[in-house]
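[1] any chance you can model this:
(one chain, ligands or ions: 1)
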Amino acid sequence: MAKYKVYEYGGRKAFPAEGLSIGTRLPFDVFVNEGNVFRKLYDAGQLIGPEERASLRRTGATDVYVDARDAPGLDLYLQRTSSEKPADPGDPEVCREYFEHKRRYYQVDRMFLFPGSRVEFGIYLLGDLRLTPLVEAMEGEPGIIPEGVSAAAGDVVIRNEDIPLYQRYLDALLDGGAEAVPAPAEREKIRAVAIKEKSKAIIKDLIEDPRSGENIKKAIGLATQLTDCIMSSREIIHDLISLNSYDLYTYTHSVNVAVLSVAIGITHGMGRDDAGSLGVGALLHDIGKSGIPTEILNKPGKLSVPEYEIVKGHVLEGAKILRTHEAIPRSASEVVLQHHERISGRGYPYGLSGSAVTLFGRIAAIADCYDAMTTRRPYQGAYTPYEALFQITKEVENYDRDVLETFIRMLGKVGVPEKRHAERIPQPLG
Ligand SMILES: [Fe+2]
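    Numbering: from 1, shown residues only. From the prediction side, this is the model:
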């Protein structure tokens, strides 16, 4: 049952303007009533995004109109947008729109979205294959973060164009200049997660342009800062790994793998320099995915054999990219080259076995699998941390037993973060 009331006016169908939901594509032309003159606001086919909602707000219109002949399309549109049911992942149009949202929006850590804070960027929820607004705001038109944002089910995202505004918001929080600044005891935790957030933005840029030497330098600096944070306080690991993602974003995954790898390395007795190099390699471990078409990376379900071969190519491609940057420590390349190798010899690209897989490669293999398994996908669910560890230990011949023991001990000490139960069994990722 549609929740928006439709009525007739001036030979057209009218309905409340908020019925035009963010993230939907219009199947009809939409008009506003300006003194009984109907002006076309959007053409059929228009995707409703933050700009469209803002331009609608500026007209001051409370209701919008469609041609009477579009009444059946309007009914279907309002039913779909106001439905409580999750969108159908089997519908190719739903998937296409979802992946477009994933490309145009950037996942942020909800830890920083303090209720009552003023923001100059819109905040949205990408969950159940739909995009819904949490805060509508733009530069010069601020919004206030409401209560409950941190509990919303889905990934909290902002527009790619707003990443600099988000960075500015983070900087203001770190400087203590923003409203709703948390208690000083929280500062260290906030600082560590802010470094993680900055790393994510750099990795996102690097995946789009892996040639940027400046971003490589920034990534190296951030890996060192992350390492120092983890060395100074082991409890911070829990805060750094507790984000529940509802989908896999290569940049978020890369930073999670870096945090896990550095934490395992340090717990395993590694010194600061080695842990830092391991962190650099882990941050960049999937950089070779920059050349893989998003349709393959995002494909729901099983990849075909040729598609899987393309995905596997990210390892050698990544190693090639790393060779072009002299600033990257040589040992960091081991992470990129070996994170899919298995000591049983069943990995790729070279099928290395036993001692041919280095300690960096062994640590990254566990961190990569664990994060991929515990990340929910919109079409398949995730393992809980316990289930992921169980799956990894079931294939113990693939992994280094000592490193695995260190990892389990570390998770036990810092407390395994709560994640949702699996709804369906995930498939291995590339
Ligand atoms: Fe990978």
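[2] do a quick rundown of the strands in the stretch 151-300 of the chain.
    155-159 (DSSP state E, counting those that start in this stretch).
[3] poorly predicted segments of it, please.
    Residues of the stretch 151-300 of the chain meeting the criterion pLDDT under 70: 176-185, 243-244.
[4] so residue 381, which of the three states?
    State at residue 381, reduced to three classes by DSSP: H, G, I helix; E, B strand; the rest coil: coil.
[5] ok, now how distant is it from residue 307?
    22 Å (CB to CB, to the nearest Å). Where you see a C-beta, it was placed from the backbone N, CA and C, and this is true even at glycine.
[6] what of residue 169?
    Residue 169 is 39 Å from residue 307, by CB to CB.
[7] neighbour-wise, which of those two wins?
    Taking neighbours as other CB atoms under 10 Å, residue 169 and residue 307 compare with residue 169 leading, 21 against 17.
[8] need the contact list for the closest residue to the more buried one other than its chain neighbours.
    Excluding its sequence neighbours, the residue lying closest to residue 169 (CB to CB, 6 or more residues apart in numbering) is residue 119, at 6.2 Å. By CB atoms under 8 Å, 6 or more residues apart in numbering, the residues touching residue 119 are 113, 135, 137, 142, 143, 144, 145, 165, 169.
[9] of the residues you listed, which is the nearest to residue 152?
    residue 113 (9.7 Å; CB to CB).
[10] ok, now which ones touch the closest one?
    Contacts for residue 113 (CB under 8 Å, 6+ apart) come out as 119, 123, 145, 149, 150, 156.
[11] narrow these to those that are buried.
    In those, burial by neighbour count holds for 119, 123, 145, 149, 156, counting by 16 or more other CB atoms under 10 Å.
[12] okay, residue 145 and residue 249: tell me how far apart.
    In terms of CB to CB, residue 145 sits 22 Å off from residue 249.
[13] same question but for residue 142, I mixed them up
    Counting by CB to CB, the gap from residue 142 to residue 249 is 26 Å.
[14] more neighbours: which of these two?
    Set residue 142 next to residue 249 and count neighbours by other CB under 10 Å: residue 249 wins out with 23 against 13.
[15] I figured the more buried one hits residue 108, correct?
    No - here residue 249 does not reach residue 108: they are 10.6 Å apart, not a contact under CB atoms under 8 Å.
[16] biggest helix in the protein by residues?
    Taking DSSP state H as the criterion, the chain has its longest helix at helix 187-208.
[17] name the helices or strands packed onto it?
    strand 105-107, helix 163-175, helix 213-232, helix 236-241, helix 250-267 (3 or more CB pairs under 8 Å, 6 or more residues apart in numbering; DSSP states H and E).
[18] just name the most buried of the ones you listed.
    Scoring the helices and strands packed on helix 187-208 by mean neighbour count under mean count of other CB atoms under 10 Å gives helix 250-267 as the most buried, with a mean of 26.
[19] tell me which other helices or strands that one touches.
    helix 187-208, helix 213-232, helix 236-241, helix 272-283, helix 359-374, helix 401-414.
[20] got a list of what residue 142 touches?
    Contacts of residue 142 by CB under 8 Å, 6+ apart are 118, 119, 120.
[21] give me phi/psi at it?
    phi -70, psi 160 (degrees, to the nearest 10).
[22] how much space between it and residue 123?
    Separation of residue 142 from residue 123 (CB to CB): 12 Å.
[23] my guess is residue 385 meets residue 375, correct?
    No - at 11.3 Å, residue 385 does not count as touching residue 375 under the criterion of CB under 8 Å.
[24] ok, the two, which is more surrounded?
    Taking neighbours as other CB under 10 Å, residue 385 and residue 375 compare with residue 375 leading, 23 against 17.
[25] can I assume the more buried one is in contact with residue 253?
    Yes - here residue 375 reaches residue 253: they are 6.8 Å apart, a contact under CB under 8 Å.
[26] list residues touching both of residue 142 and residue 123?
    By CB under 8 Å, 6+ apart, no residue touches both residue 142 and residue 123.
[27] among the helices and strands packed on helix 250-267, which is nearest residue 391?
    helix 359-374 (6.3 Å).
[28] what angle separates the closest one from helix 272-283?
    50 degrees (axes from the mean of the first three to the mean of the last three CA atoms, to 10 degrees).
[29] mind giving me the packing neighbours of helix 359-374?
    Identification of packing neighbours for helix 359-374 by 3+ CB pairs under 8 Å, 6+ apart yields helix 250-267, helix 272-283, helix 330-338, helix 385-394, helix 401-414.
[30] for residue 273, see how far away residue 231 is.
    For residue 231, the distance to residue 273 equals 11 Å [CB to CB].
[31] if you count neighbours, what's buried in stretch 385-396?
    For stretch 385-396, using 16+ other CB under 10 Å, the buried residues are 385, 387, 388, 389, 391, 392.
[32] surely the fifth one meets residue 374?
    Pointing back at residue 391 there. No - the pair residue 391 / residue 374 is not scored as a contact, 10.3 Å apart, by CB under 8 Å.
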